[in-house]
Every structure is written in structure tokens, then in C-alpha cells.
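Novice: only geometry, no sequence info:
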């Protein structure tokens, strides 16, 4: 019994290891994940992709089922009968000992019906493979959107942290001025209100960031994910301006009240320019024209390829349905044996048959349905081609528009920063009022938010365009990868079975 338990335990262990390798990739505690890492996790964990893998297996089996008509059909049977009754007032009992019969039949020709069926299932298998490719692209695109959303939320959260720090500095400075009688009570109250508003905005930004992480986990199909961080991308290089300004002079009233040497050029005494959320932002312009993008899409789009394969399958389905009227030529050979009251009877038979059975009205409507399905698929192909053109055009225009906006918004961030420095310097020396300072701060904060949003929108627009034209991705999963993995899985199964047999043999010897 101990050996049997050991065998069962090892078998369960092998099965568990295989299932873990197939189904899930877990995220380690405090891991640092890049975009390709997240895509890889999603491709391995996605139940949607696994469903399309199973659909490919089913389509492959359907091809084998269609081809099975070319193989012979074997029939084997045994019989036993006993007849009892009366004849001319005499009873009789006829006993028949068991009999045996076997037959072998082979389809010789069916006027192309089986050939059309096989071709139809082959095209369905090709369509299933392209549907799998489409599910992979959809998964990759979804992860990209959620990944960029996390980067954007993180950037905006840093902007709000910076905003809180600026308002804290202004509040402390205004408090010092109010205590000295330089500023009025209304300036102090406004500083308090702005500080509270900035803290509320920070809480909202943190909540948005947490929700973005949840969405990213969902796109990777990872529940109960531990704490982890994500890396910047080349087009989303996040800076961490956590302490952008120095507060070293806040508590020193005498230094706060000192005028700078040149009042007309009064600016921030700190390095505010280091607070830009995005640094060294560079992106390579999209290398293809709109016409080239449409051409690439028609060559690469797996959903378009799947529909074209389905269209070919529908044509073969029409041929197969129309040929239901035609007969089938079948050859057969059989052998029978029986024993009746000690007399043995056996023999062989060989024959050919040409026959057909169909319901004319039923086949007629089946042909109509097949033709309608063919026209419906043609319409779907035409519709996809039109939608493809306009979807690419929309994504292309959006991306080009954002390419032009980003440099302008970057300039606006620098300009609002310079305006904030000037407004702060003027307020510090008494040449400006608090409203001007807060307007400058708000403009700078809004400019950074707009800049981050534009970067996010650009990444989304570019990812959308790449999705629309099915541009090959660095991290992906192909049909060949699935086939290779399945072969390795079969090899591992055989090794596990051999190991279990050896354990069983060892257990039997010890038992003896």
C-alpha cells in the first residue's frame, strides 16, 4: 500500500508540474516587470488563448474525421438464435449455435463529395489557426494599453505629489509672511485651501494608479498579485521628481524677508526645472505611410486571413452539398460462419455497389443554405476590408496629430515653468499677488498633466495602429510555438509513464 501511495503521489506531482508550466506564470514578490515581461505572462496565462488552442486541436481532428472516409470500414459480429413453436400439432425446437461474420467495405469513388469535405475542413483548420493569431494580437494590445495606463497614472501621481510640495512651500512661506504682517489673512486662507485641494487631487491620483494596476493584473490574468514595479519604456521615460524643491529657508524669517540683489529678475531659488515628469522624451516617427500601412494590414491581419479561409471553406461546402445527389461506389468483402445441428456453414463474398439515398427537398434547402452562407462570408470579407481601411486611417491621423502636439506641449511645460518661477520670485519680494502665483502654479500643473496625457495618448494611438496592421511584435506566441510545446509535452508524458512503470515493477518485486 505504501508503494501504491508513492506511485500515486509521483504521478500527481508530474501532473501538477505540467499543469503549472502550461497554465500559469506567477509574479514574484518585488519583481520589476517590463512591457515584454507582462506580455509573456499574459500569453501564458490567458484562458482565451488556451480556448483557441483547443479550437485548433478540434479543427485538426475534424480534418482527420473527413479523411476517414478514405479508409476501410470493418464490421465484426457474433450471433446466437433459438426458434420454438408448433407445426401440425407438433412442437419443434430449432437450436442454432453461435455464428460469426466479418466484413470489410471501402469507398471507391463518391464523385468528389469526400474531397470537398476534406478541403472544407482544411480551410476551417487554417481559419482556426488565424483566429488563434488574432487572439494573441488582442491579448498583446490589451496588455499594452493597460501598461501605458499604469505609466500615465504613475506620472500623474508624481505631478500631484509635486503640486502638494509646491503648495506646502507656499503655505509655509505665506504663514511666515502673515506672522510678520507682510501678507493678509486672505492670502493665508487661499494657501490653506490650495494645499487641501492639492492633497485631495493626490489621493484621487493614487486611487487611479491603484485601479490601473488592477486592470494590468486583469490583462495578465494574475489574481492575488504581490507587490511589483513596472519599468519605463523608450516612449514613456518616467522621471521621479519626489523632492523637486528645497524648503531649507522656510523657518528662517530673516532670510525670507531679504530682497535678492536684482528684484526685477527675481525667480525661484530652487531647481524647479528638475521637476519635469518626463525626461529625455524621444520617439522615432512612424516609418510607414498610410498607403503602406493599409498594404501591410491586408498582408498581416489574421482576422482577414481567417475570413478568407472561411470563404474558401464555404465554397467547398457548397460543392459538398450539391454532390449529395450523386451516388457512391463501394467495394466490400465478407466472411460468415454458422453451425446448425452439427452442419457447418461458412463462406466469403465479394461485391461492388453503386447507390445513393437522399431527400430531394432537404438537399435543395441545404444547397440554398450553403449558398447563403457563402454570400454572407463574402459580405463579411468586404465589410472587414472597408472597416480596416477606415480604422487604420483614424488611428494613423490620431498618431500623426499627437506626434505634432507633443513637442508643442513640451514647450508649453517649459514656458509655464518659467512663468511660475517669475511669479514666485515677484511674490517673494512683494511685487506680485497670491492670485498671480496660484494661476502660474495651476498653469504649470495643468501643462504637465496635458503633457503626460499626450504621451499616453500617443503610445495608445501607436499601439492601436500597430494592432490594426498586425505589425509583428517582439514578444508573441505563434502556432509553431504551440506545436513545438505540444511535442515536448508528449515526450514528457512518455517519460512520466516510463517512470511510473518502473516504480510499479519495483513495488511488485518487493511485494513478492
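Specialist: Sure, I can see it. All values derive from a computational prediction rather than experimental measurement.

Novice: Please, which helix or strand holds residue 394?
Specialist: helix 360-428 (DSSP states H and E).

Novice: now the angle between helix 360-428 and the next helix or strand after that helix, please.
Specialist: Downstream of helix 360-428, the next assigned helix or strand under DSSP H and E is helix 434-468. Here helix 434-468 points in a direction 150 degrees away from that of helix 360-428 (axes from the mean of the first three to the mean of the last three Cα atoms, to 10 degrees).

Novice: and helix 434-468, what other elements does it pack with?
Specialist: Packing partners of helix 434-468 (3 or more Cβ pairs under 8 Å, 6 or more residues apart in numbering; DSSP states H and E): helix 113-179, helix 185-219, helix 290-300, helix 360-428. Every C-beta, even on glycine, is put in place using the N, C-alpha and C of the backbone.

Novice: Roughly how far does the nearest residue to residue 26 once chain neighbours are set aside sit from residue 414?
Specialist: Of all residues not flanking residue 26 in the chain, residue 222 sits nearest, at 7.4 Å (Cβ to Cβ, 6 or more residues apart in numbering). Using Cβ to Cβ, to the nearest Å, residue 222 is found at 40 Å from residue 414.

Novice: The two - which one has more neighbours?
Specialist: residue 222 (19 against 13; other Cβ atoms under 10 Å).

Novice: Out of the helices and strands in the protein, which is least certain?
Specialist: The weakest-scoring helix or strand in the chain, judged by mean pLDDT, DSSP states H and E, is helix 253-256 (a mean of 40).

Novice: rewinding a little: nearest to residue 31, of the helices and strands packed on helix 434-468?
Specialist: Closest approach to residue 31 among the helices and strands packed on helix 434-468 (Cβ to Cβ): helix 185-219, 12.7 Å.

Novice: mean confidence for that closest one?
Specialist: Mean pLDDT, helix 185-219: 90.

Novice: chain center to the next helix or strand after that helix: distance?
Specialist: Once the chain leaves helix 185-219, the next helix or strand it forms, by DSSP H and E, is strand 228-230. With Cα atoms, centre = their mean, to the nearest Å as the basis, strand 228-230 stands 20 Å off its chain's centre.

Novice: If you count neighbours, what's buried in strand 228-230?
Specialist: Going by neighbour count (16 or more other Cβ atoms under 10 Å), the buried part of strand 228-230 is 228, 230.

Novice: helices and strands around it, which ones?
Specialist: Packing partners of strand 228-230 (3+ Cβ pairs under 8 Å, 6+ apart): strand 31-33, helix 113-179.

Novice: any chance of those in TSV, with mean neighbour count too?
Specialist: TSV is the format used below for the helices and strands packed on strand 228-230 (neighbours: other Cβ atoms under 10 Å):
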stretch	mean neighbour count
strand 31-33	14
helix 113-179	21
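
Novice: In a markdown table: the ones you listed, plus mean pLDDT.
Specialist: Formatted as a markdown table, the helices and strands packed on strand 228-230 follow (pLDDT from 0 to 100):
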| stretch | mean pLDDT |
| --- | --- |
| strand 31-33 | 88 |
| helix 113-179 | 90 |
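
Novice: remind me which residues of the stretch 351-500 of the chain are low pLDDT?
Specialist: The stretch 351-500 of the chain contains residues with pLDDT under 70 at 429, 500.

Novice: and stretch 100-107, average pLDDT?
Specialist: Stretch 100-107 comes out with an average pLDDT of 88.

Novice: Please compute how far that stretch lies from its chain's middle.
Specialist: That offset, for stretch 100-107, works out to 50 Å (Cα atoms, centre = their mean).

Novice: May I see the buried residues of it?
Specialist: In stretch 100-107, counting by 16+ other Cβ under 10 Å, buried: 101, 103, 105, 107.

Novice: Can you say which of the helices and strands packed on helix 434-468 is nearest to residue 37?
Specialist: Taking the helices and strands packed on helix 434-468 one by one with Cβ to Cβ, helix 113-179 is closest: 9.9 Å.

Novice: So what's the gap between that closest one and the chain middle?
Specialist: 12 Å.

Novice: Could you find the closest non-adjacent residue to residue 318?
Specialist: Per Cβ to Cβ, 6+ apart, closest to residue 318 is residue 370, 4.5 Å.

Novice: Who are the contact partners of that neighbour?
Specialist: 314, 317, 318, 320, 321, 322 (Cβ atoms under 8 Å, 6 or more residues apart in numbering).

Novice: Next: residue 36.
Specialist: 474, 475.

Novice: all numbers from here: first residue = 24
Specialist: All set: I'll call the first residue 24, so the last point we hit is now residue 59.

Novice: That one belongs to a helix, doesn't it?
Specialist: Yes: looking at residue 59 with DSSP: H, G, I helix; E, B strand; the rest coil, it is inside a helix.

Novice: gap between it and residue 471?
Specialist: Separation of residue 59 from residue 471 (Cβ to Cβ): 28 Å.

Novice: likewise residue 100?
Specialist: Using Cβ to Cβ, residue 100 is found at 84 Å from residue 471.

Novice: now do residue 163
Specialist: 30 Å.

Novice: show me where pLDDT drops low in the stretch 224-373 of the chain?
Specialist: 261-306, 363-367.

Novice: before we move on, the earlier item: save the helices and strands packed on helix 457-491 as JSON lines, and put in distance to residue 493 too.
Specialist: JSON lines is the format used below for the helices and strands packed on helix 457-491 (distance: least, Cβ to Cβ, whole Å):
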{"stretch": "helix 136-202", "distance to residue 493": "6"}
{"stretch": "helix 208-242", "distance to residue 493": "19"}
{"stretch": "helix 313-323", "distance to residue 493": "4"}
{"stretch": "helix 383-451", "distance to residue 493": "10"}
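
Novice: need the contact list for the residue nearest to the spatial centre of the chain.
Specialist: Nearest to the mean C-alpha position of the chain, by Cα atoms, centre = their mean, lies residue 162 at 1.2 Å. Each residue near residue 162 by Cβ under 8 Å, 6+ apart is listed here: 62, 65, 66, 69, 71, 72, 242.

Novice: Quick check: the nearest residue to the last one once chain neighbours are set aside vs residue 234, distance?
Specialist: To tie it back to what came earlier, the one meant is residue 242. Excluding its sequence neighbours, the residue lying closest to residue 242 (Cβ to Cβ, 6+ apart) is residue 169, at 4.4 Å. Distance of residue 169 to residue 234, computed by Cβ to Cβ: 11 Å.

Novice: repeat for residue 228
Specialist: Counting by Cβ to Cβ, the gap from residue 228 to residue 234 is 11 Å.

Novice: before we move on, the earlier item: buried subset of the contacts of residue 162?
Specialist: Members of the contacts of residue 162 classed as buried by 16+ other Cβ under 10 Å are 62, 65, 66, 69, 72, 242.

Novice: Go through these and name the one nearest residue 259.
Specialist: residue 62 (15.3 Å).
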